[in-house]
Structure formats: structure tokens, C-alpha cells
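Student: what follows is a predicted protein model with its sequence.
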Amino acid sequence: MPRVLILLLALLTAGTEVDAHLASDSYLRIEIGKTGAVSGQWDIALRDLDVVVGLDVDQDGDITWGELRAKTREVEAYAFSHLAVVDGVGSCRLTPTSIMVDHHAGAAYAVLPFSVACPGGGRLRLRYRLLFDIDPSHRGLLTITAGEQVRSEVLMPDHAEIPIDAGPIRLTDQVSQFLRFGFDHILFGYDHLLFIAVLLVTAALRRPGGAGWVPIEGLGRVLVETIKTLSAFTLAHAIVLTPAVLGLVNAPARFVEPAVALTIMLAALDNIHPILPRLRWQVAFLFGLIHGLSFASALGPMRLPALGMTLTLASFNLGVEAGQIALALLLVPIVFVLRHDAAYRRIVTPAASLSAALLAGMWLLNRLFGLDLLPLQPLAVAVVSR
Amino acid sequence: MPGCERVIRAPRLTAIVSSLAVCLNPATANAHTALLGIGGFWSGVAHLLTSPDQLVLLLGLAIWTSFQNMRLDARVIGTCFLAVLAGAWVGAGMIARTGLSLAPAGAALMLAVGLAGAMRLRVGAVPLISLALAAGLACGAASVDAAADVSVALFSLGGSVAAASVLSYGLLAARRLESEWGGVARRAGASWIAAIGLMMLAFSVSGHAGWG
């Protein structure tokens, strides 16, 4: 009977959305030449363009090169109607050249190189409005280069217009932008959140000698264990983030993203039957290294300047940490109150872990082979678009 | 000097009444626009945590549960979690189409859990779980209006986790007040919740309150 209940609960609570990364971003690079000539390259996710332009003509779930080529004019028209460069006289003309495709963080992006021709002189300003009207959580990750000088900014609805120069930005602006970007990244990175949740679901339990779960006595001890687990995860991804963003460690997203899904699966299965080291902080640290490589894939294409890199990465890490703490503040009191309940330890914990393992398994297959095994997806979409 | 006293008191009374009137002035429906841009799950969490009526109902339920056997805590939390999840789907499927108002039901539930807590009513599992089920369904169904443009699945999951979390915080706090005076404090808190519920019920019947 308990097994049937576990299976039923697992099926009921299995996620209805397989998309682990719901965050929408684009990478915009502006280059100012020695003569003052301005050119740029804009990488926009194909999944975003599909929503606004409709790239997947045959509706088979895959966007082919042919489908993108056929819609090039529409893509360029849409994109460049949401980006403007102005000088003291008026709007500059943005002329796209040949469209290409690249991959960032395991997702395909349309690459739109363009040149900028301005009517007069004066300081140039950039106005960015891509997708803000339909998705306020969209972020434009901007890098401006002028010779040796590089400046990075995160463009968002309330920070969408900036001067085009490669001079350093204010320290407080840099900290707040990357803090917010890190926070957003964990808020929308449901795979990272699920991993933390899988670790926290047993935060108030221990498994002496590898036997069944028993409750930990005292809120203080539970909090200490939780802090140890979260700190180990943060430390691990902070260690990996710097060399990965600098390009010293280069792990392709096609390996990292499935590995992230695998870490969730293993951690979830370990909740059901012990297969990993007994100490949770060790698991968090070990798998945190892989999650750190995934975080780096979001920042990597920005080509962050070496100057101020420490501050940028520290701000990003703090933002990620804030997101983890938000989740812990939600979950820890629940697991603490429920820890003495036998049904929680014997049914709810295995069911929730099995659901997480199933979902992570779907992400794994999706990331390895492009398989979409989620029959409930159309239902969820239908309800959302009601 | 009685005259002077009157002169001094009158402006203070006016100021207090004016302040209360300002504080009690109902907020407009733009309270949840800030949820845009944080995704379905966190919108569900934020919606519940920024809905005082739902928070008060859950707090009342936690106080009443704290007077019962501790073994019922898990069942109340589990029931409420599943009920909020179900309530959001019921709300999305039925209430959104029919335009049914949940204001009287929500206020009546608040009044019921408040009175039960104030009276330190000790009951068995069935009445307690039934009220937790009703409270969860009401919270879930009332939240669904805020789920526009986000996934209902993730929104309801966020709301469920937040509701379970609020109940857990409430129970953790209430169970720490086991002394005689702690019991009095809990009952006083519950009676306030009953009073708020009664006021909201009166307002909703006369068409002056919103729920959700």
C-alpha cells in the first residue's frame, strides 16, 4: 500500500513543465573601433524568437536552420525594432549582416551581427526593449568594448537606456546589477532550485548507519545542518565560477547541463536509498562544482572585464545565495515541523524525491537526446494561455 | 479644568480617527502588479505572502491547531498544502468562469478558526482537517486571479509551499507559547482573528470587501 501511495503521489506531484531554465536573456556586444566606428553582435535565443516571430513553422518542436533562414527578415525586423542607438542629432541606422547560429548554456541562439551608422555627432545612447513588453524578466547582457577597455551591464526594464562608452560603471551600479542578475538566475533556474529542495527535504532528518531516516532534535541543529549544506554548495560554485568565466576551465554546456540534471537525480534517489556520502554538505559541495559550471555558462558569453571581475562574481554569487536562502526560509520550517511524522519520513519524503528524480530524468533525456517526455506539457500551456 | 481637557482631547481623537481611516482605506487592485517578472513559482509564493487575509486565516488555523494533539500538525500542514494546490486548479477551471465571490467564505472561515482558537476548542482530527481543507481550497481558489500570464501549475505549487510554510512558522511560534500566559496570548490572538473575520464577513455581505 505505501508503495502504491508513493507512486501515486509521485505521479501527482511530478512537474508539469520540463523547461528547467525559464530565464530569458540575450547577449549584446557593442564594439567601438579606433576611428569611432560602431558595430555590434546580438545573440537572441531561438526559443524567444519563436514566441514572437513563430520560427517553428511545421510545429514539430525543433527549429531548423532552414526555418530560421526562411524567417530571417522577420527576425531582423522584430529585433531591430526593439533596439535603438541614438546620437545628439537623431536615430542611427542599424544594418544587419549575415545571420548565424551559436549555442550558449545548452540553448541555440540566432546571432545577428550589425553595423551602426549615425547621422551626426555627440554621445551615443543605447535603448534596449527586447521582449520587455511580454516578459519583464528578460535580461539583456551587454558588453561594450573599445580597444582594451571593456564594460558590462545587465539591461532590464528599469535600466534599458545607457550611454555607449566603455568607461567603468559606478561600483554600486555594478554590484546591484549583478546581485539582481544572480538572484534572477536562481529564481528562474528551476533545476538549481530543485537540487536545493531535494537536499532540504531531509534537512531535519539524519540517517544513522545508512538505515531509515530519524528526526534531528532541536531547531538549532537543523539550522546548523542547513547552513552547512547551503554554504558548501555556495562555496563550490564560487570556486568553479571564476576560472570558468575567465575561460581557464572550459566545460561545454552539452556536458554540463545533463550533468546538472544527473546531480538532481542522484541526490533525489539518495533520499530514497543511500548511494552517496552520508554527510549532506559533502554532496552539496561535490555537486555544487557542477552547478557552478552551469552558472558560469550564463556569464561566460558576456566576456566580463578582468577589472572588477572579483566584485562582479561576488555580487552574482551573493544574488544566487539570496535565492537559495529564500527557498530555505520557505522549506526548513515545514520539514522541521513534519520531521516527527512517520508518514512524512516514509511516504512524503520518498514520493517528493521520486518526483524530483523523475523530473530530473526527463531533463536529462531532454538535454542528452532532445527527447521531450512530458505528456502534461500541452495541458499546462493550454491553462496558461487561457 | 474640564474645558481644557476637552479642547486637548478633541484634536487627538480626530487625529486617531483620521489615521485609522487612512489605514483602513481599502487598497486598490494593483497590489499584485509587482509579481510580474518573477516567474510562476515565486509569483505563487509572493501572492500568498502579500495577501493579509490569507495570512491571517492560516495564522488562525495554526493557533487553533496548536491547542490540539501535536500529532495532528503534520496532517493539517499536508492537507492545507494539497488543498491550496487543488484550490488553484478549481479556481482556474470554475470560479474564474463563473465569477463566484469567495469573500464571504474566506471571512467565515477566518471567523470559524478564530472562534475555535479563542475558545481553545479541542476537537478530533476530522473537524480540524476539514477546516484546513476548506481554508486551503479558499486560499488557492482566491489566488488564481493573480496567476494570469504565468503557469498555473508552478503558481499553485508556490502558493502551496508558502501556505505550508506560513502554517509551520505559525505552529512553531504557537507551540513555543505553552505557558499559562502563552495560552492566554494565543487565545487573545485568535479572538482578534475572529473579530477581523466577522468584520470582513459583514463588509463582504454588504459588498465592501475583496478576497484574494
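Tutor: Yep, it's here.
Student: which residues of chain B lie near chain A?
Tutor: Residues of chain B lying close to chain A by C-beta under 8 Å from any C-beta of the partner chain are B:36-39, B:41-42, B:45, B:70-71, B:73-74, B:77-78, B:92, B:96, B:149-154, B:161-162, B:164-165, B:168-169, B:171-172. C-beta coordinates here come from the backbone N, C-alpha and C atoms, glycine included.
Student: next secondary structure after the lowest-mean-pLDDT helix or strand in chain B?
Tutor: In chain B, no helix or strand scores lower on mean pLDDT, DSSP states H and E than helix B:2-24, which sits at a mean of 43. Tracing the chain past helix B:2-24, the next element assigned as helix or strand by DSSP states H and E is helix B:39-49.
Student: give the buried residues for the next helix or strand after that next one.
Tutor: Where DSSP H and E defines the elements, the next helix or strand beyond helix B:39-49 is helix B:52-66. Buried residues in helix B:52-66, counted by 16 or more other C-beta atoms under 10 Å in any protein chain shown: B:53-66.
Student: what inclination does helix B:52-66 have with respect to helix B:39-49?
Tutor: Taking axes from the mean of the first three to the mean of the last three C-alpha atoms, to 10 degrees, one finds helix B:52-66 and helix B:39-49 inclined to each other by 70 degrees.
Student: tabulate the CA atom coordinates of helix B:52-66 in PDB.
Tutor: Below are the C-alpha coordinates for helix B:52-66, written out as PDB (Å, rounded to 0.1, in the frame of the first residue of the first chain):
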ATOM      1  CA  PRO B  52      -3.000  39.700   4.600                       C
ATOM      2  CA  ASP B  53      -6.400  38.000   4.600                       C
ATOM      3  CA  GLN B  54      -4.900  34.600   3.600                       C
ATOM      4  CA  LEU B  55      -2.100  35.000   6.100                       C
ATOM      5  CA  VAL B  56      -4.500  35.800   8.900                       C
ATOM      6  CA  LEU B  57      -6.600  32.800   8.100                       C
ATOM      7  CA  LEU B  58      -3.600  30.500   8.100                       C
ATOM      8  CA  LEU B  59      -2.300  32.000  11.300                       C
ATOM      9  CA  GLY B  60      -5.700  31.400  12.900                       C
ATOM     10  CA  LEU B  61      -5.600  27.800  11.800                       C
ATOM     11  CA  ALA B  62      -2.100  27.400  13.200                       C
ATOM     12  CA  ILE B  63      -3.200  28.900  16.600                       C
ATOM     13  CA  TRP B  64      -6.200  26.600  16.800                       C
ATOM     14  CA  THR B  65      -4.100  23.600  15.700                       C
ATOM     15  CA  SER B  66      -1.500  24.400  18.500                       C
END
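Student: what's the mean pLDDT across it?
Tutor: When pLDDT is averaged over helix B:52-66, the result is 95.
Student: of all the residues in the stretch 1-150 of chain A, which one is nearest chain B?
Tutor: Relative to chain B, the nearest point of the stretch 1-150 of chain A is residue A:136 (3.6 Å; C-beta to the nearest C-beta).
Student: wait, doesn't that residue sit right on residue A:157?
Tutor: Yes - look at residue A:136 against residue A:157 with C-beta atoms under 8 Å: they come within range, at 5.3 Å.
Student: looking at those two, which is more packed in?
Tutor: residue A:157 (17 against 13; other C-beta atoms under 10 Å in any protein chain shown).
Student: what is the burial count for residue A:115?
Tutor: Residue A:115: 14 neighbours (other C-beta under 10 Å).
Student: would you say it is within a helix?
Tutor: No - read with DSSP: H, G, I helix; E, B strand; the rest coil, residue A:115 is strand and lies in no helix.
Student: OK, contacts around it?
Tutor: A:37, A:38, A:39, A:40, A:94, A:95, A:97 (C-beta atoms under 8 Å, 6 or more residues apart in numbering or on different chains).
Student: any low-confidence regions in chain B?
Tutor: B:1-37, B:95-97, B:99, B:208-212 (pLDDT under 70).
Student: give me that answer again for 90
Tutor: B:1-43, B:88-106, B:123-124, B:141-155, B:177-181, B:203-212 (pLDDT under 90).
Student: circling back: ChimeraX command to pick out the buried ones of the residues of chain B next to chain A?
Tutor: Those of the residues of chain B next to chain A that count as buried under 16+ other C-beta under 10 Å are selected in ChimeraX with:
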select /B:37,38,39,41,42,45,73,74,77,78,92,96,150,151,152,153,154,161,162,164,165,168,169,171,172
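Student: now, the residues of chain B next to chain A that are in helices?
Tutor: Members of those lying in helices (criterion: DSSP state H): B:39, B:41-42, B:45, B:73-74, B:77-78, B:96, B:152-154, B:161-162, B:164-165, B:168-169, B:171-172.
Student: in the helix or strand where residue B:128 lies, which residues are buried?
Tutor: In the assignment (DSSP H and E), residue B:128 maps to helix B:125-143. Using 16+ other C-beta under 10 Å as the test for burial, helix B:125-143 gives B:128-129, B:131-143.
Student: between that helix and helix B:52-66, how many degrees?
Tutor: Using the same axes, to 10 degrees: helix B:125-143 against helix B:52-66 is 170 degrees.
Student: helix B:125-143: how far from the chain's middle?
Tutor: How far helix B:125-143 lies from its chain's middle: 11 Å, per C-alpha atoms, centre = their mean, to the nearest Å.
Student: please identify the buried residues of stretch A:251-261?
Tutor: A:251, A:253, A:256, A:257, A:258, A:259, A:260, A:261.
Student: I meant stretch A:214-224, not that one.
Tutor: Neighbour-count burial for stretch A:214-224 flags A:215, A:216, A:222 (criterion: 16+ other C-beta under 10 Å).
Student: which ones among those are found in helices?
Tutor: Per DSSP H, the buried residues of stretch A:214-224 map to helices at residue A:222.
Student: tell me the one of the buried residues of stretch A:214-224 nearest residue A:190?
Tutor: residue A:222 (24.8 Å; C-beta to C-beta).
Student: that older thread, filter the contacts of residue A:115 down to just the buried residues.
Tutor: For these, buried by 16+ other C-beta under 10 Å: A:38, A:39, A:40, A:94.
Student: surely the second one meets residue A:31?
Tutor: Yes - the criterion here is C-beta under 8 Å, and residue A:39 meets it with residue A:31 at 5.3 Å.
Student: ok now stretch A:295-305, how far from the chain's centre?
Tutor: Distance, stretch centre to chain centre, for stretch A:295-305: 12 Å (C-alpha atoms, centre = their mean).
Student: and that stretch, which residues are buried?
Tutor: Neighbour-count burial for stretch A:295-305 [16+ other C-beta under 10 Å]: A:295, A:296, A:297, A:298, A:299, A:300, A:301, A:302, A:304, A:305.
Student: from residue A:207, how far out is residue A:263?
Tutor: Noted for residue A:263: a distance of 19 Å to residue A:207, by C-beta to C-beta, to the nearest Å.
Student: more crowded one of these two?
Tutor: Counting neighbours by other C-beta under 10 Å for residue A:263 and for residue A:207 shows that residue A:263 has the greater number, 25 against 15.
Student: you'd agree the more buried one is up against residue A:290?
Tutor: Yes - Residue A:263 lies in contact with residue A:290 (C-beta under 8 Å); the separation is 5.6 Å.
Student: quick check: closest non-adjacent residue to residue A:177.
Tutor: residue A:154 (4.4 Å; C-beta to C-beta, 6 or more residues apart in numbering or on different chains).
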